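Novice: Give me a 3D structure for the following:
(3 chains)
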Amino acid sequence: MQNTYKYNFRKPENYVFKSKIGLDQGVVENISARKNELPWMRQFRLRALRQFYRKPLPEWGGDLNPINFDNIFYYISPTDKKVSRWEDLPEEIRDTYDRIGIPEAEKKFLSGVSAQYESEVVYKSINAALQKKGVVFLDMDSGLREYPQIVKQYFGSVIPPGDNKFAALNSSVWSGGSFVYVPVGVHVDLPLQAYFRINAANMGQFERTLIIAEEGSFIHYVEGCTAPMYTTDSLHSAVVEIIVKKGARVRYTTIQNWSNNVYNLVTKRARVEEEGVMEWVDGNLGSKLTMKYPSVYLLGRKARGEILSIAYAGAGQHQDVGAKAVHLAPETTSRIISKSISRGGGRTSYRGLVQVYPGATKSKSKVVCDALLLDEASRSDTYPTMKIDEQDVTIEHEATVSKIGDEQLFYLQSRGIGKTQAESMIVNGFIEPIVKELPLEYAVELNRLIQLQMEGSVG
Amino acid sequence: MNNLQIKNLHVEVEGKEILKGISFEVASGQVHAVMGPNGSGKSTLAYALMGHPLYQITNHKSQITIGNKKIISLSTEERARAGLYLAMQSPIAIPGVSVMQLLRTAYQQIHSSPKKSEEKQAIQNPVLARRWQANGMGLSEFTSLVKKYAHTLRLDESFLGRSIHDGFSGGEKKKVEMLGCLVLAPKFAIFDEIDTGLDVDALRVVGKGIDFLRKRNVGVIVITHYNRILRYVTPDVVHVLVDGKIVQSGSKELAKKIEKEGYAKYL
Amino acid sequence: MKSLIIHETKKEKESLEYILKKNSQLTLVLVVSKAIDADIHVVVRLTGRGASVNVIGLVIGRGDNKITIHTEQIHEAPETTSNLLVKAVLFDEAEFAYGGIIRIEKNAQKSDAYQKNENLLLSGDAHVRSDPALEILTNDVRCTHGSTTGKLNEDQLWYLASRGIARSVAAQLLVDGFFESAIAKISDTISKEKIRRILWETM
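Specialist: Alright, predicted model coming up:
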């Protein structure tokens, strides 16, 4: 895949820069220097690098052996990543954009043709409204620069670099991602879309996002895109940390559709305090291998966590995704709903953990996993774990794997609906409980995308 | 005189006062009907009398007695042993525990006091179960008794071997609740909305059951919403419960009046 | 060929494997109740078309027992059925870990597989770990699994109290009932009695 792009955003750094290939202390120091970071962040990165070297690859999950860590550029300025002309985009991609109905401007942006996404204008006006409420919404680099105290307090507090090998990697070479701060009692009614504040740093391979919701606040953050995202980077390792304080509510919606060369390894975790609510809505459509388990750590009484996950795996894809709910306080509740679809030899694996610590009395958890196998070549796995060390609890898990029901198909066909269309109707109905939680445009695009996948017209 | 006396009963549920000073007295062999609109506290009365933990008695002047025995501080099982029975509106299912097994165990717990070790063995050891006895009755005698009552309630014998209330229809559940009352022979029985959801035949059977209890000198409180049961059982006293208080008590004529006029004048 | 095997665990470490050929049927009842530590591995391989297996695991853990049960339901032929139910009651500081896998191979089309683990914690110091897993490599199948863990149902306990039954006796009734609903799956009365006897022998 050869996509060398020029991508001119109006940004201070306006030239192509690529770190030398591979990873070592020098590369990390370079990244920190280029960003003019404070010493504590530089130290943080270097310590994380040492941890990255120390930690082994996980023995479970997808096949990570093909990753050659020495053969990756750990910092590329985004100007280097996209096609410059609409025509240079592979035909399936252009076709998909058309048929899903991506708005013209977005198409141009995604393809790199547009120098600036028009929503930069939208971003500016939204930002003005947000600022009035005291809400901060910046890319992570700027967040670190402009709000160093806050960032220092929370950065790495939910996911310490030593948590796992890829959190360590991200912690040492992170670049881009979002910084969101919502003050006490503020409700942000409009979903914050990551692509609004698109500038170079957004589409990073090692994005780092930090969201802090103070007491009683509410925010809905949306990132990603149903349209296939093209990138040369083959390793994506993002970290998302969310702090939900007392009585606050955060919803984080992601749809990823990375191209089939990408290893997408993400650590996402929320710390939820008393009566706080965290909702993860996670859609995984692309990538060669995704390993992602949005987590909630329920630290305060009556804290609540909900994880809704959709995974689609087509030929050559493995979605190893799921959720984690850790109950550390009384009267906490968690709900995990996972819907997965495998087709054309794809493999979806649900991997989840529900853990209840002693003292987390009267806690409740319910996990429901449904998997649809569309043909003989595909595969579905379910690997849940429940660790229960408290008596006064109610913990439930159920999972079902099946193909499209003959009776359902027959019913639709008897109403004059062709087989392929009937199948995609059933599949859309299958994922509907989660799709209805998505912002409308995403829902519409997702449904159309599934339809296209079913028709076999898209990779 | 073995009356059930309810004195100045104040009951709170999750901090909210639902019953605001209920007082009345049921003599053995009497049927009292308690009627009232939704939310008046009818079910609260039933559960509070039976000592359900969710229903807090807040006033130290409140009292419930059976004859001379004060039962307001007794636990639920102690109240059952003191002779109180509650037939529930929506009883919970207990898979794996059959109707017969429950009745056998309850009867023994109420009517005799076996030694602790025998207690356990009698329940799960099938051999010892044959040696079960209570109140002078052996197992086969008890079984016949239960079957007899089931028959009068038009409840098929097969129900006795099924897990209690597990997959039973509304009518079947109410019949099994009535069966429990006939078998366990309490002094006072409370029926919480036994007429809700029953067809005419079932209502007739239940009505007969209550009359039978009356003849056996059991005091009965019939809590009803739709008053349908009162067509099959004539109450001796009727109480109208509105917003946690008894606003009027009277004879069976009061019930007919309510049927015609509703509760409007009390609201 | 139809058989019923009642296996009472007596040794600390056990490994059982059953291979079911064409149209054979097996009901396996596993009882772990002798207040010992146990580590049991049960593999059932359905290698012939139409084979079917029913596995019932009944576990009572006491004291500081550490009990591990690991099961494998492996479907290697079409139209095979497996149904597994593992129920555990844990007292004192007992620890129970259930791990199980249903694996349906590519050529096991039109197979049905079920797996259920239910755990009852009777003390505040008991611990449970449950890892039921599924690996499904073909699509024309029906496969479900589930796991629930909790303590005795307070509403059920109160209902029994309202019938005059002392709490300890009520708890015993519910624990019996917990196992009864699994034992009810066996049709042979004599086997049912035998299982009950083995289960409660230590008490």
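
Novice: Could you give the residue of the stretch 1-150 of chain B that lies closest to chain C?
Specialist: Among all residues of the stretch 1-150 of chain B, residue B:96 sits closest to chain C, at 2.7 Å; criterion: C-beta to the nearest C-beta. In this view, the C-beta of every residue, glycine as well, is placed from N, C-alpha and C.

Novice: thought that residue was touching residue C:175?
Specialist: No - with contact defined as C-beta atoms under 8 Å, residue B:96 and residue C:175 do not form a contacting pair (9.1 Å).

Novice: on that earlier part again, can you count the residues close to the residue of the stretch 1-150 of chain B closest to chain C?
Specialist: Neighbour count of residue B:96, defined by other C-beta atoms under 10 Å in any protein chain shown: 20.

Novice: in which helix or strand would I find the closest residue to it other than its chain neighbours?
Specialist: Leaving aside its sequence neighbours, residue B:96 sits nearest to residue C:177 (C-beta to C-beta, 6 or more residues apart in numbering or on different chains; 2.7 Å). Here residue C:177 is covered by helix C:167-183, with elements defined by DSSP states H and E.

Novice: Could you tell me how far the helix or strand that that helix is followed by lies from the centre of the chain?
Specialist: Remark: after helix C:167-183, the chain's next helix or strand is helix C:189-200, criterion DSSP H and E. Centroid separation for helix C:189-200 versus its chain: 15 Å, with C-alpha atoms, centre = their mean, to the nearest Å.

Novice: for helix C:189-200, packing partners?
Specialist: The helices and strands touching helix C:189-200, judged by 3 or more C-beta pairs under 8 Å, 6 or more residues apart in numbering or on different chains; DSSP states H and E, are strand C:2-8, strand C:25-32, strand C:52-61, helix C:167-183.

Novice: what angle do that helix and strand C:52-61 make?
Specialist: 30 degrees (axes from the mean of the first three to the mean of the last three C-alpha atoms, to 10 degrees).

Novice: Strands along the stretch 351-459 of chain A, start to end?
Specialist: With DSSP state E, counting those that start in this stretch as the criterion, the stretch 351-459 of chain A has strands at A:363-373, A:379-388, A:393-402.

Novice: for the stretch 1-150 of chain A, same thing?
Specialist: For the stretch 1-150 of chain A, applying DSSP E, counting those that start in this stretch gives strands covering A:136-139.

Novice: contacting residues for the nearest residue to residue A:241 once chain neighbours are set aside?
Specialist: Residue nearest to residue A:241 in three dimensions, not counting chain neighbours: residue A:158, with 3.9 Å by C-beta to C-beta, 6+ apart. Residues in contact with residue A:158 (C-beta atoms under 8 Å, 6 or more residues apart in numbering or on different chains) are A:241, A:242, A:243, A:269, A:270, A:271, A:297.

Novice: if we go to 10 Å?
Specialist: Going by C-beta atoms under 10 Å, 6 or more residues apart in numbering or on different chains, residue A:158 touches A:210-211, A:239-243, A:267-271, A:295, A:297.

Novice: Would you verify that residue C:158 is located in a helix?
Specialist: Yes - looking at residue C:158 with DSSP: H, G, I helix; E, B strand; the rest coil, it is inside a helix.

Novice: who's in contact with it?
Specialist: B:47, B:50, B:51, B:52, B:53, B:54, B:76, B:77, B:92, C:167, C:170.

Novice: among those residues, who's most crowded?
Specialist: Counting neighbours by other C-beta under 10 Å, residue C:170 comes out on top of the contacts of residue C:158 with 26 neighbours.

Novice: Would you confirm that that residue contacts residue B:105?
Specialist: Yes - counting by C-beta atoms under 10 Å, residue B:105 is a contact partner of residue C:170 at 8.4 Å.

Novice: Overlap in contacts, the two.
Specialist: B:97, C:160, C:163, C:164.

Novice: tally of neighbours for the residue of the stretch 51-200 of chain A found nearest chain C?
Specialist: In the stretch 51-200 of chain A, the residue found nearest to chain C is residue A:60; the distance is 11.1 Å by C-beta to the nearest C-beta. Residue A:60 is flanked by 10 other residues according to other C-beta under 10 Å.

Novice: Could you tell me which residues make contact with it?
Specialist: By C-beta under 10 Å, 6+ apart, the neighbours of residue A:60 are A:291, A:320, A:349, A:351, A:383.

Novice: distance of the last one from chain B?
Specialist: To tie it back to what came earlier, the one meant is residue A:383. The spacing between residue A:383 and chain B, counted by C-beta to the nearest C-beta, to the nearest Å, is 29 Å.

Novice: Residue C:98 versus that residue, what's the distance?
Specialist: Here residue A:383 is placed at a distance of 14 Å from residue C:98 (C-beta to C-beta, to the nearest Å).

Novice: go on, the first one?
Specialist: Using C-beta to C-beta, one obtains 25 Å as the distance from residue A:291 to residue C:98.

Novice: do the same with the second one
Specialist: With distances taken as C-beta to C-beta, residue A:320 is found 23 Å from residue C:98.

Novice: roughly how far is the strand or helix carrying residue B:183 from the heart of the chain?
Specialist: Following DSSP H and E, one finds residue B:183 within helix B:170-184. Distance of helix B:170-184 from its chain centroid, counting by C-alpha atoms, centre = their mean, is 9 Å.

Novice: Could you name the helices and strands sitting against that helix?
Specialist: Using 3 or more C-beta pairs under 10 Å, 6 or more residues apart in numbering or on different chains; DSSP states H and E, the elements in contact with helix B:170-184 are strand B:84-87, helix B:99-111, helix B:139-152, strand B:188-192, helix B:200-215.

Novice: could you check the angle strand B:188-192 makes with whichever helix or strand comes after the last one?
Specialist: Of the helices and strands lying after helix B:200-215 in sequence (DSSP H and E), the nearest is strand B:219-224. Using the same axes, to 10 degrees, the interaxial angle of strand B:219-224 with respect to strand B:188-192 works out to 10 degrees.

Novice: ok now do residue 58, which residues does it touch?
Specialist: The chain I'm using is chain A. Going by C-beta under 10 Å, 6+ apart, residue A:58 touches A:64, A:164, A:165, A:166, A:265, A:291.

Novice: that's the wrong chain, I wanted chain C
Specialist: C:29-33, C:85-89, C:178-179, C:182-183, C:195-196, C:198-199.

Novice: Point out where chain C drops to low pLDDT.
Specialist: Low-confidence segments of chain C, defined by pLDDT under 70: C:1, C:202-203.

Novice: Which residue does it have closest to chain B?
Specialist: Chain B sits closest to residue C:177 of chain C, with a gap of 2.7 Å, by C-beta to the nearest C-beta.

Novice: Secondary structure of residue C:34: a helix, I assume?
Specialist: No - assignment of residue C:34 by three-state DSSP gives coil, placing it outside any helix.

Novice: Assess the claim that it and residue C:9 are in contact.
Specialist: Yes - using C-beta under 10 Å, residue C:34 is in contact with residue C:9, at 6.9 Å.

Novice: Point to the residue nearest the middle of chain B.
Specialist: residue B:86 (2.4 Å; C-alpha atoms, centre = their mean).

Novice: My read is that that one contacts residue C:159, right?
Specialist: Yes - in terms of C-beta under 10 Å, residue B:86 counts as a neighbour of residue C:159; the distance is 9.5 Å.

Novice: quick one: low-confidence parts of the stretch 201-350 of chain A?
Specialist: In the stretch 201-350 of chain A, residues with pLDDT under 70: A:201-204, A:225-233.

Novice: wait, what's in contact with the residue of chain A positioned farthest from its centre?
Specialist: No residue in chain A sits farther from the centre than residue A:414, which is 39.9 Å out by C-alpha atoms, centre = their mean. Contacts for residue A:414 (C-beta under 10 Å, 6+ apart) come out as residue A:422.

Novice: Tell me how far it lies from residue A:405.
Specialist: Taking C-beta to C-beta as the measure, residue A:414 falls 14 Å from residue A:405.
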